[in-house]
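> what follows is a predicted protein model with its sequence.
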Amino acid sequence: MKRIQEVIVVEGRYDKNTLSQVVEAAVVTLEGFSIFHNKEKLAFLRRLAKERGLILLTDSDGAGFVIRNYLKGAIPREWVKHAYIPDVAGKERRKRTPGKEGKLGVEGMRPEVLLEALRRSGATFLDEAAEHPKRGGITKGDLYEWGLAGGAGSAEKRKALLKRLDLPEHLTANGMLEALNLLYDRESLARMLQE
């Protein structure tokens, strides 16, 4: 089992149970939208973020992005990493019917998918070498140049790229830019787009 330095923040207890079978890390649940009204928990998350760093791992549905965006505005960005799970159609075993958008959440992801999402976020794996790949340097201008923003058909191109990279479809152009900078460097992404 991989050990992670940062505190991982998930939406609910089933997400925590699933993650606890994959990694050894401190995992804090938000209990869904209750974080919007819980000032004590938000203060606690800020403290954890400052001391150890946070990794936000929410579902890839609209509700998960509402929660993620709220926390992005409430906690200094230099203390937060973002792990994204891919859009996978289905339902969790414990549920009778799929969620509103018909996607699996964190609790329904396979262990290797969760590990890859954490690795791509830049999680600090304590039992691995401290070597981290180079990331970042992608600008909004690059998105325009590559046809991913601002032009005719850019929304379709963004959607296709998000699907290709196993990133959630709900990412805005700015959200996608942030995710791309967390996951790739400019040169490797440009090469990938040419393939």
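Ah, there it is.
> which positions in the lowest-mean-pLDDT helix or strand in the chain come out as buried?
When the helices and strands of the chain are compared on mean pLDDT, DSSP states H and E, helix 173-183 comes out lowest with a mean of 77. For helix 173-183, a neighbour-count test (16 or more other Cβ atoms under 10 Å) marks 173, 175, 176, 177, 178, 179, 180, 181, 182, 183 as buried. (Each C-beta comes from the backbone N, C-alpha and C, glycine too.)
> what do you get for stretch 89-97?
Buried residues in stretch 89-97, counting neighbours by 16+ other Cβ under 10 Å, are found at residue 92.
> ok now that stretch, how far from the chain's centre?
21 Å (Cα atoms, centre = their mean, to the nearest Å).
> residues making contact with it?
14, 98, 99, 102, 103, 104, 105, 107, 108 (Cβ atoms under 8 Å, 6 or more residues apart in numbering).
> please apply the same query to stretch 59-70.
With contacts defined as Cβ under 8 Å, 6+ apart, stretch 59-70 is touched by 11, 15, 30, 32-33, 35-36, 56, 58, 82, 84-87, 99-101, 103, 105-106, 168-171, 175.
> show the buried residues in those.
By 16+ other Cβ under 10 Å, the contacts of stretch 59-70 give 11, 15, 30, 35, 56, 58, 82, 84-87, 99, 101, 103, 105-106, 168-171, 175 as buried.
> can you tell me which of the residues you listed end up in strands?
Using DSSP state E, the subset of those located in strands is 56, 58, 82, 84.
> the closest residue to the second one other than its chain neighbours: which element?
By that I understand residue 58. The shortest distance from residue 58 to any non-neighbouring residue, by Cβ to Cβ, 6 or more residues apart in numbering, is to residue 64 (3.6 Å). Taking DSSP states H and E as the definition, one finds residue 64 inside helix 62-74.
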